[in-house]
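Undergrad: with the input below, show me the fold.
(2 chains)
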Amino acid sequence: MVISNKALRFIIATFVICLPFISFANPETATTNAQNVESQEGSKSGHEAHAEPTDVKSEIKEFINHHLLDAHDFTFNANKETGEHYGFSLPIILWDNGLQMFSSSEFHHGPIADVAEHNGNFYKIHHEKIYKTDASGELTEEHGHPTNVRPLDLSITKSVFGILTVALVMFLVFAGLAKSYAKNGGISSGVGRFFEPLVLYVRDEIAIPNIGEKHYKKYMSYLLTIFFFILFLNILGLAPFGFNVTGNITITLSLAVLTYLITTFTANKNYWSHMLWMPGVPVILRPVLALIELLGTIIKPFSLMIRLYANMMAGHVVLMSIIGLMFIFKSWIGSSLSFVLAFALSILEILVAFLQAYIFTMLSSLYFGAGNEEHHHEEAHH
Amino acid sequence: MDKLINDFSFGLFIWQVLIFVGLIFLLKKFAWKPILDAVNDREEGIKNALLSAENAKKEMQNLQADNQRILQEARLERDNMLKEAREMKDKMVDDAKTEAQAQGQKMIDQAKAAIESEKNAAMAELKLQVSTLSLSIAEKLLKEELSNKEAQTKLVEKLLGDVKLN
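TA: Down below sits the predicted model:
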């Protein structure tokens, strides 16, 4: 890291200061002109292939749904009147007979809406999924799902962008914290200092009590990374950028899979013997128990996945719905009431952000601890 | 469930796993290990410092107790020495006294014996002198008396006259 600390801070500060000018989602202009938009939609080279919502309620619903999904471009705000999107496009990377890379803006610049042409192939983006089509951009649908071929989509989507940002921030913060110890004679300094108590909390209150003094060290990297990764992404989701990364099933699935894999591959003999051939129970019951136990190992990470996903998703849905209520009420009392509610809920969501990070880390360490349990209740079985 | 499966994106999954695993290893090398090491070192340092302070305190107390003990011993020794010296002095004085007394007594006895013998000698001499002297006096007297015939005759007459009266 050769970037000067001061310059970096200045850049970040400037960026944060500029955020309000570009980022606040402002559906009001869109809602007040809902009718207008609809009439004009035909003439525009539309940005959404699906039917535009006709009233405020369904527009809000559509807006929320759009927010909850991953996206292939980064839109801070859209002016539906002029059809302009404020944001930036992200790279699309497809694996379709070789690597296909182009900008997401190509979906909007072609002659047909949401269809991009690259190396002679035509791709259509439909509900943030990319399908291979012909030049006309038609999708053959069956049971409401398109049956067109979907190439492997390795695009840098909004979520990937968010993950990369968080990864970078985490690296800067914690590498900085690590360096500050050497510089400051064993006492942390700088931004990282704020996170030192959290690091210690993860070690002393999560890892050591659940895994045990003996084995906890090998899991620390994973537990700390996952804790701060979830925490930072949760907080990022609350910031007005429109990220919903931890409320994405793919992300929570991958985290749960990692926890499952680590539990499975670092578990000791005792864990497996208790799982596959439970000592101390009649032999006939043992295969049944093994089945239940094996199922349990999969249910545990599954519950991790669903818990984080559902919590963050629900938080975003409720928060955005209440914000949306402001535009439905359109009265001083109702709108200000829902503002107060949204404000209170935002604070609650900050708590949830910390809580979910804590719970995910706690349960992961609990599973690791179970995998590393010593053979101490031997006498009970004989 | 259908919605969940529909929401799943394989590309995002690959990115997430790649970035996340990469992040774990990067942070492990550049952040977690140094941070935990530093924190551990610091905690060890604090623990050691407290322990050594406690030890120093104990040592100090021991030292003080030692000092006290040594002082006490020294004092005791001094007292003993003083006592011994005093005893020795007393004994010496006593010894000297008794010896002197014995010596004195002996000298007195000797002196007494000498005096006695001297006295005896002197007495004997005196006796001898007195006898010779009285003899010579008697001789002289006798000579004197006998030389004066008239007086002698008178005396003899007188003595004879006394005898007749009886």
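Undergrad: what are the ranges of the helices in chain B?
TA: Counting by DSSP state H, chain B has helices at residues B:2-7, B:10-27, B:33-147, B:149-165.
Undergrad: and these, which one is worst for confidence?
TA: Per-stretch averages of pLDDT across the helices of chain B put helix B:2-7 at the bottom, with a mean of 76.
Undergrad: and A:Asp70, that one's in a strand?
TA: No. With DSSP: H, G, I helix; E, B strand; the rest coil as the criterion, A:Asp70 is assigned coil and is not in a strand.
Undergrad: for A:Ile251, see how far away it is.
TA: 9 Å (Cβ to Cβ, to the nearest Å). C-beta: built from backbone N, CA, C; applies to glycine.
Undergrad: which of these two has more neighbours?
TA: Neighbours of A:Asp70 and A:Ile251, each counted by other Cβ atoms under 10 Å in any protein chain shown, are more numerous for A:Ile251; the result is 30 against 24.
Undergrad: intersection of neighbour lists for A:Asp70 and A:Ile251?
TA: Overlap between the contact sets of A:Asp70 and A:Ile251, as judged by Cβ atoms under 8 Å, 6 or more residues apart in numbering or on different chains, is given by A:Ser159, B:Leu12.
Undergrad: chain B against chain A: which residues are in contact?
TA: Where proximity means Cβ under 8 Å from any Cβ of the partner chain, the interface of chain B facing chain A comprises B:4, B:6-17, B:19-28, B:30-36, B:38-39, B:41-42, B:45.
Undergrad: make it 6 Å
TA: By Cβ under 6 Å from any Cβ of the partner chain, the part of chain B that sits against chain A consists of B:4, B:7-9, B:11-13, B:15-17, B:19, B:23-24, B:27-28, B:30-32, B:34-35, B:38, B:42.
Undergrad: on that earlier part again, pick the most buried one from the helices of chain B.
TA: Per residue and on average, the most neighbours among the helices of chain B fall to helix B:10-27, with a mean of 18 (mean count of other Cβ atoms under 10 Å in any protein chain shown).
Undergrad: with just CA atoms, put that helix into CSV.
TA: What follows is helix B:10-27, C-alpha atoms only, in CSV (Å, rounded to 0.1, in the frame of the first residue of the first chain):
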residue,chain,number,x,y,z
PHE,B,10,-24.4,-19.2,-10.1
GLY,B,11,-22.1,-16.5,-11.3
LEU,B,12,-22.6,-14.5,-8.2
PHE,B,13,-21.9,-17.6,-6.1
ILE,B,14,-18.6,-18.2,-7.9
TRP,B,15,-17.6,-14.5,-7.4
GLN,B,16,-18.6,-14.5,-3.8
VAL,B,17,-16.7,-17.7,-2.9
LEU,B,18,-13.6,-16.5,-4.8
ILE,B,19,-13.6,-13.1,-3.2
PHE,B,20,-14.5,-14.3,0.2
VAL,B,21,-12.0,-17.1,0.4
GLY,B,22,-9.4,-14.8,-1.1
LEU,B,23,-10.3,-12.2,1.5
ILE,B,24,-10.0,-14.8,4.3
PHE,B,25,-6.4,-15.6,3.2
LEU,B,26,-5.4,-12.1,2.5
LEU,B,27,-6.8,-10.9,5.9
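Undergrad: tell me which other helices or strands that helix touches.
TA: Under the contact definition 3 or more Cβ pairs under 6 Å, 6 or more residues apart in numbering or on different chains; DSSP states H and E, helix B:10-27 sits against helix A:158-183, helix A:220-238, helix A:249-266.
Undergrad: measure how it sits relative to helix A:249-266, angle-wise.
TA: Calculated by axes from the mean of the first three to the mean of the last three Cα atoms, to 10 degrees, helix B:10-27 forms an angle of 50 degrees with helix A:249-266.
Undergrad: any idea which residue is closest to the centre of chain B?
TA: When chain B is reduced to its mean C-alpha position, the nearest residue by Cα atoms, centre = their mean turns out to be B:Glu84, at 2.2 Å.
Undergrad: can you pull the contacts of it?
TA: Neighbour list for B:Glu84: empty [criterion: Cβ atoms under 6 Å, 6 or more residues apart in numbering or on different chains].
Undergrad: which positions in chain A make contact with chain B?
TA: Proximity of chain A to chain B is confined to A:153-154, A:159-160, A:163, A:167, A:174-175, A:177-178, A:181, A:186, A:199, A:221-222, A:224-225, A:249-251, A:254 under the rule Cβ under 6 Å from any Cβ.
Undergrad: does A:Gly137 count as helix, strand or coil?
TA: Assigned state for A:Gly137: coil (three-state reduction, three-state DSSP).
Undergrad: how many neighbouring residues does the residue of the stretch 201-350 of chain A found nearest chain B have?
TA: Among the residues of the stretch 201-350 of chain A, A:Ser221 lies nearest to chain B; the distance is 4.0 Å by Cβ to the nearest Cβ. When neighbours are counted by other Cβ under 10 Å, A:Ser221 registers 19.
Undergrad: wait, it sits on B:Lys33?
TA: No. Counting by Cβ atoms under 6 Å, no contact exists between A:Ser221 and B:Lys33, whose distance comes to 7.6 Å.
Undergrad: which neighbours do those two have in common?
TA: Common neighbours of A:Ser221 and B:Lys33, counting by Cβ under 6 Å, 6+ apart, are absent.
Undergrad: quick one, what contacts the residue of the stretch 1-150 of chain A found nearest chain B?
TA: Distances between the stretch 1-150 of chain A and chain B by Cβ to the nearest Cβ are smallest at A:Asp70, namely 6.2 Å. By Cβ under 6 Å, 6+ apart, the residues touching A:Asp70 are A:Glu128, A:Thr157, A:Lys158, A:Ser159.
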